[in-house]
Every structure is written in C-alpha cells, then in structure tokens.
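[1] Fold the following, please.
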Amino acid sequence: MSEFERIPSIKRAPDEEYYVPGHRTCAGCGPALCYRLVAKAAGPNTIFIGPTGCMYVANTSYGCGPWRVPWIHAQITNGGGVASGIETAFKMLIKKKKYDGEQPNVIVMAGDGGSTDIGLQALSGMIYRGHKVLFICYDNESYANTGVQVSPTTPYGAWTTFTPAGKAIPEGRKLFPKDNPKMIAHGHPYLKYVATGSIGYPVDLMNKVRKGLAQDGPAYLQLHATCPKGWQFPSNKTIEMAKLAVQTGMFQVYEVENGEYKVSVNIKERKPVSEYMKLQNRFAHLKPEHIEKMQAFIDARCAEVGITVPVVATTE
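    Numbering: from 1, shown residues only. Reported below is the predicted structural model:
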C-alpha cells in the first residue's frame, strides 16, 4: 500500500498519533479533533505551519505543544508564504544533495480568519506559484480565540460579539458566508484539487488529506470544525452537530477535480436547516422569516454542487 493510498475504513486508519494529549483546547473542540485526524492521515514526515488562531493559542502555552512532528508558528497573514519558503528550501536542499531524506509533507492548518480573510492573499500566492503544499482551513465559523468575533464564514443570522442581535438588526449577522473553496477552485489555473470535509465523517476527511498530499502541486481543503463555545451548544454534541450540518446542507461535503464537482457524502434526504439551528444558542434570537431566508440560501448552495435530494422534516 502506497503512503497516500486512500484509507477504505476507520479500521484501516493508522494507529499512530502525531497530535497527542497536552493541548489546552475547550471541551469538545472541533478544531482539535480536526488536527488529530489530519496529523494521523499525514504521518511522521510532516511539517505543520500554524498561523495565529485557536490551534496556535490553545496549543503552545509555556513552550510546549501537542505535536510529535515539526511545527512552526506563522502570523495570521502569511501561512501560505511561510509554507512556500519551507517547501522550496527542502526542494533546493535535495537538489543540491545537502539533504538525503524525502520531501516532507508541508501542511498549513489555519482557521477561517487565516484562510478566507486575513490570510487569503498569502494562500492565493502560494497556489499561484504552484508550491507543493496542502493548505487546510479548519472552519469554526468565527474568530473564536479572541472572543468569538464574526468572520467571513460565519453563517447568516449567527450571534457573535460583533454581530449581536437587537431591535435595529434583529437577525444579528446580516451577511451570508463567503464560499472560499468555490472561489479558489475556479480562480487558480494551476490548482487541481479542492475539497471540503467534516469531523463528523472522519474517514472521508482522512482520505482527502492523503489525496491532497498526493498532488504534484498545491491543494486546498476546507474542514468543518464545530465549536461548542462559539456556537453555544453542549460540548458532548460536537460530532452530532457536525453530522447534522452535513445532513441539513449547512455544510456541503464535496471534491473539485479539474473543475468537476463530486459529492462525497451521499444523503437520501436533507433535514431542514431549522433542525440544526435550533440546537445552537447563537441562532436562538431568529424569527421564522430568518430561518426561511437561510433555508432558501442553503437550497441554492446545495444545488450548485449537485446536492439535489429533497428536504424532509423529521417526525418527532
């Protein structure tokens, strides 16, 4: 079995752990689980770049961290730039016969701020130059480590410290989220692989990490990482909430190869978005018309990637 052959089932996943106990994340932290799955799939010959965000702040207190592989901090603005330099340095060392090992996996693990917002320019440059780097966005839909402020991936209607609901703006968050995977997939001529994944579907997530690393150039993954603190739900519901996001279409799981979309997680019917939103206090202030607006938006976004199954309410 080659290093990057797809993992067919959870039983075939590697036993080794490269993101280990010792971090200080919140109970039920989705991004921490995301990191663990990515590291497990990538293996020991890996270098992680961690732009400022939850997975930097919560993991590096007092000069220690939970990684069994090399890790380096980058500014929130330049994860793609730092990764480009590391990838090129190893390539040149190998070419000049100053390093006799294999080219390492170079992976950026950035939050939605370091991927879709402040770090977007360095990500775009890295892809355009064709560096063999896997850039991963762990998407917890806010600037969570600094107090749960709004980000470009925050859903419409969500309460954040920057989008509080009130009389003037009853829905709180007025804007719909940016769709970074689609923007990147169709805007970079040298990018062959873009995908989304969810911690609720770990085998699919690990498969895509390996497939991204197997590319002969850059790859981009956006991984949905549920956040109990920011989304205001019980910490023991992290996986349940992640699966429900996919089952309602609030997060779509797919691959884009050479411009072609392929849905990765097939569901026979979609649940209404209300069944997902009612479980999170960040949406508790919304009125029926706001939920209807969100449903219409999600219906359209699902259709764009080929998710055409009907919406069917669960009978309680």
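
[2] Let me see the ranges of the strands in the stretch 151-300 of the chain.
    Remark: strands of the stretch 151-300 of the chain, listed N- to C-terminal, are 193-198, 219-224, 254-257, 260-263; assignment by DSSP state E, counting those that start in this stretch.

[3] Include mean pLDDT, mean neighbour count and distance to residue 62 when you put those into TSV, please.
    Glycine gets a C-beta too; all of them are placed from N, C-alpha and C. Output for the strands of the stretch 151-300 of the chain, formatted as TSV (pLDDT from 0 to 100; neighbours: other Cβ atoms under 10 Å; distance: least, Cβ to Cβ, whole Å):
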stretch	mean pLDDT	mean neighbour count	distance to residue 62
strand 193-198	96	26	32
strand 219-224	97	26	28
strand 254-257	93	19	40
strand 260-263	91	13	44
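
[4] Tell me which of the ones you listed lies nearest to residue 129.
    Of all these, the one in closest proximity to residue 129, counting by Cβ to Cβ, is strand 219-224 (13.9 Å).

[5] got the CA positions of that closest one in PDB?
    Taking Å, rounded to 0.1, in the frame of the first residue of the first chain, the C-alpha atoms of strand 219-224 are listed here in PDB:
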ATOM      1  CA  ALA A 219      -4.200  21.500  -2.700                       C
ATOM      2  CA  TYR A 220      -6.800  23.200  -0.600                       C
ATOM      3  CA  LEU A 221      -9.200  21.600   2.000                       C
ATOM      4  CA  GLN A 222     -11.800  23.400   4.000                       C
ATOM      5  CA  LEU A 223     -12.800  21.300   7.000                       C
ATOM      6  CA  HIS A 224     -15.900  22.000   9.100                       C
END
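
[6] Among the strands of the stretch 151-300 of the chain, which comes closest to residue 18?
    Evaluated with Cβ to Cβ, the strands of the stretch 151-300 of the chain place strand 219-224 nearest to residue 18, the distance being 16.6 Å.

[7] Tell me which strands that closest one pairs with, and in which orientation.
    Using DSSP bridges, the neighbouring strands of strand 219-224 in the sheet come out as strand 134-139 (parallel), strand 193-198 (parallel).

[8] now those as a markdown table including distance to residue 78?
    Formatted as a markdown table, the entries for these read as follows, by distance: least, Cβ to Cβ, whole Å:
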| stretch | distance to residue 78 |
| --- | --- |
| strand 134-139 | 12 |
| strand 193-198 | 21 |
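
[9] wait, which of those strands is closest to residue 257?
    Ranking those by their distance to residue 257 (criterion: Cβ to Cβ) puts strand 193-198 first, at 6.0 Å.

[10] Can you name the residues in contact with the closest one?
    The contact list for strand 193-198 (Cβ atoms under 8 Å, 6 or more residues apart in numbering) reads 181, 184-185, 204-205, 208, 211-212, 215, 219-224, 242-243, 245-246, 251-257, 264-265.

[11] cool, and stretch 33-48?
    Residues from elsewhere that reach stretch 33-48, judged by Cβ under 8 Å, 6+ apart: 3, 7, 13-14, 16-19, 55, 67-72, 86, 101-102, 104-109, 136, 138, 199, 202, 205-207, 209-210, 213, 223, 225, 238.

[12] Could you pull up the contacting residues of residue 175?
    Neighbour list for residue 175: residue 156 [criterion: Cβ under 8 Å, 6+ apart].

[13] correction: residue 165
    Remark: with contacts taken as Cβ under 8 Å, 6+ apart, residue 165 is in contact with 159, 171, 172, 285.

[14] How about the contacts made by the first one?
    The contact partners of residue 159, taken as Cβ under 8 Å, 6+ apart, are 165, 172, 173, 232, 281, 282, 283, 284, 285.
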